[in-house]
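> Pasted the sequence and its predicted model underneath.
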Amino acid sequence: MAECGAEVRVKQLDKIRLFQQFDQDILSELAKVAILRKVPKNKILTRLGDVPIYIYYIIQGKIRLSAPLSDGREFIFADLGPGDTFDLTRLFITRRSNMNAESVADSDLLQIEVAFMVRVFDKHPDLALKVIPYLCEATHDAQERVIHSAASALSTRLASTLLRLTKRPHSTATVDRALSIHISQTDLAAMVPASRAKVNRCLREWERRYMTRYDHGSLTILNRAALESVALGEIAFDRSMMQMPRARASPWHAPGRQ
């Protein structure tokens, strides 16, 4: 039974992009120390200011990374799902966490001690050269998101957030190639970030233009091309939400509507 459990963990580790750089013998070492942890909903794994001692791989469930804002609101940095990892920066630096990590659904995680990973890198220094580019890419993506959020209008930030959420494993495909995202407007506002009232106004205008539809916590993208135009900053309509470019065909026109 122990061998069977180890084999399962090796297969789980081999699905992680980071660990795909590792040889099978190293994965076997990791499998021996990796702990399968069942985490109930609303369990805080890492608090702001903690020095994390584990890295985590999400098998199933959802983990939210968030930080409090100075005005008392919460900024949701990311909702992570199956296949995601977090706290990987602890592999090379010892620094206090700048976010909270909390389960927002019952979750199954693989937990590995950072100290063990450090010993693996000491024993196999060539692995660090393979891992560093992966972490640099993740850091670059995070920086781009922050810069984009700081410099963009609300409609652009919101559109980018929705498109990013459709790529998550917990997004659900529906008919006519539309995508339904199960999320509250409060959480959407915390991801942008903005007030819930402003997000609601933007969604209502998008619904009027047949771009999206929001109903009881489920947001469906009706016209992805139009949403992509907003995300790219090609069309902005924050104040009146009525200004549209006339130089080219309108992307707001939903297929099948006359």
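All right, it came through fine. Numbers count the residues shown, from 1 in each chain.

> and R201, what helix or strand is that in?
Assigned by DSSP states H and E, R201 belongs to helix 196-208.

> got the contact list for that helix?
154-155, 158, 185-186, 188-189, 192, 212-214, 219, 227, 237, 241 (CB atoms under 8 Å, 6 or more residues apart in numbering). For glycine as for every other residue, the C-beta is placed from the backbone atoms N, C-alpha and C.

> For the spatially closest residue to A190 that is not a sequence neighbour, grab the count of nearby residues.
Among residues not flanking A190 along the chain, I76 sits closest, at 4.3 Å (CB to CB, 6 or more residues apart in numbering). Look at I76: counted by other CB atoms under 10 Å, it has 22 neighbours.

> Partner strands of whatever helix or strand I76 lives in, with direction?
Applying DSSP H and E as the criterion places I76 in strand 74-80. With DSSP bridges as the test, strand 74-80 is paired with strand 63-68 (antiparallel).

> got the buried residues for the partner strand?
Within strand 63-68, the residues that qualify as buried are 63-66, counting by 16 or more other CB atoms under 10 Å.

> For G61, which non-adjacent residue is spatially closest?
That would be S107: by CB to CB, 6+ apart, it lies 2.4 Å from G61.

> Go ahead and confirm the one you found touches Y57.
No - in this structure S107 lies outside contact range of Y57 using CB atoms under 8 Å: 10.9 Å.

> tell me the mean pLDDT for stretch 68-78?
Stretch 68-78 carries an average pLDDT of 79.

> Give me the distance between the two termini of that stretch.
13 Å (CA to CA, to the nearest Å).

> Now find how far off-centre it is within its chain.
16 Å (CA atoms, centre = their mean, to the nearest Å).

> what comes into contact with it?
Against stretch 68-78 from outside (CB under 8 Å, 6+ apart): 48, 64-67, 99, 187, 190-191, 193.

> May I see the buried residues of it?
74, 76-78.

> Which stretches in the protein count as helices?
Listed in chain order, the helices of the chain (DSSP state H) span 2-14, 24-33, 114-123, 125-151, 154-165, 185-191, 196-208, 224-231.

> who wins for proximity to D87 among the ones you listed?
Ranking those by proximity to D87 (CB to CB) places helix 114-123 first, at 7.8 Å.

> for that closest one, what is the average pLDDT?
Averaged over helix 114-123, pLDDT sits at 84.

> ditto for stretch 26-38
85.

> cool, and stretch 50-61?
Stretch 50-61 shows a mean pLDDT of 88.

> Same question for stretch 231-250.
Mean predicted lDDT for stretch 231-250 stands at 50.

> Also stretch 86-94?
72.

> which residues of the stretch 151-258 of the chain score low on pLDDT?
Of all residues in the stretch 151-258 of the chain, those with pLDDT under 70 make up the ranges 151-152, 168-178, 234-258.

> do that again at 90, thanks
151-196, 198-199, 209-210, 214-220, 222-258 (pLDDT under 90).
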